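Enquirer: can you look at this prediction? I've put the sequence above it.
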Amino acid sequence: MEEKEAVMSVDNGVNRDFAVFYKENLEMLYHYIYRVFPNKQIAEDIMQETFYVAFKKQSELWEHPNPRYRLLRIARYKMKEFRKKMRYRNTEPWEPERFDLAEEDVSYDIKELDVAACHMLGEKEWRLLKKYYMFGVTISELAEAEGITENNMRVRLSRWMKTLRNQIEG
């Protein structure tokens, strides 16, 4: 009996960890998918499938050095899978002329954020921040692409985020 209770508490701890991970990444993942498929229902469906796969493969997720990056890789695969389904059915996944006003507002807000952040930081800096925080590119990958050390990249990302926070709170 004691052994069974210990197993249940470990399972609850794992599920609790995944619930926290889910809450932390829900909005980011939705926006990531929505940028590729600007349709609320499609983005939500792909997001749900992505989290389902991530939940089923939690051991791989937690073993990965950057679980958020692993989540984005699953999402990319699910989006690719969705495109294949649409090609097979020979239909378009959405019709841009029929977007809801609310969906257009979300798209507008994202574009407005892009323009404002780009103005506050500079195009290159904002692009690097987005790669790290939104798309899960690792610090080592960014540092290598920029030809600087990982520590230098960490410092830069931290300073740019601080600049954004100060400007927003400002």
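Expert: Right, received. Where do you want to start?
Enquirer: is residue 38 in a helix, a strand, or coil?
Expert: coil (DSSP: H, G, I helix; E, B strand; the rest coil).
Enquirer: any idea how far it lies from residue 165?
Expert: 28 Å (CB to CB, to the nearest Å). No exception for glycine: its C-beta is placed from N, CA and C like everyone else's.
Enquirer: could you check which of the two is surrounded by more residues?
Expert: The residue with more neighbours, out of residue 38 and residue 165, is residue 38; 18 against 10, by other CB atoms under 10 Å.
Enquirer: tell me how far that one lies from residue 30.
Expert: In terms of CB to CB, residue 38 sits 12 Å off from residue 30.
Enquirer: same question for residue 87.
Expert: To residue 30, residue 87 is 24 Å away according to CB to CB.
Enquirer: who's more crowded, those two?
Expert: Taking other CB under 10 Å, residue 87 and residue 30 do not tie; residue 30 has more neighbours (18 against 10).
Enquirer: what's the helix or strand for that one?
Expert: According to DSSP states H and E, residue 30 maps onto helix 2-36.
Enquirer: average pLDDT across that helix?
Expert: Per-residue pLDDT over helix 2-36 has a mean of 73.
Enquirer: measure how far whichever helix or strand comes after that helix is from the centre of its chain, please.
Expert: Sequence order places helix 40-56 as the next helix or strand after helix 2-36, per DSSP H and E. Centroid separation between helix 40-56 and its chain, computed with CA atoms, centre = their mean, to the nearest Å, is 12 Å.
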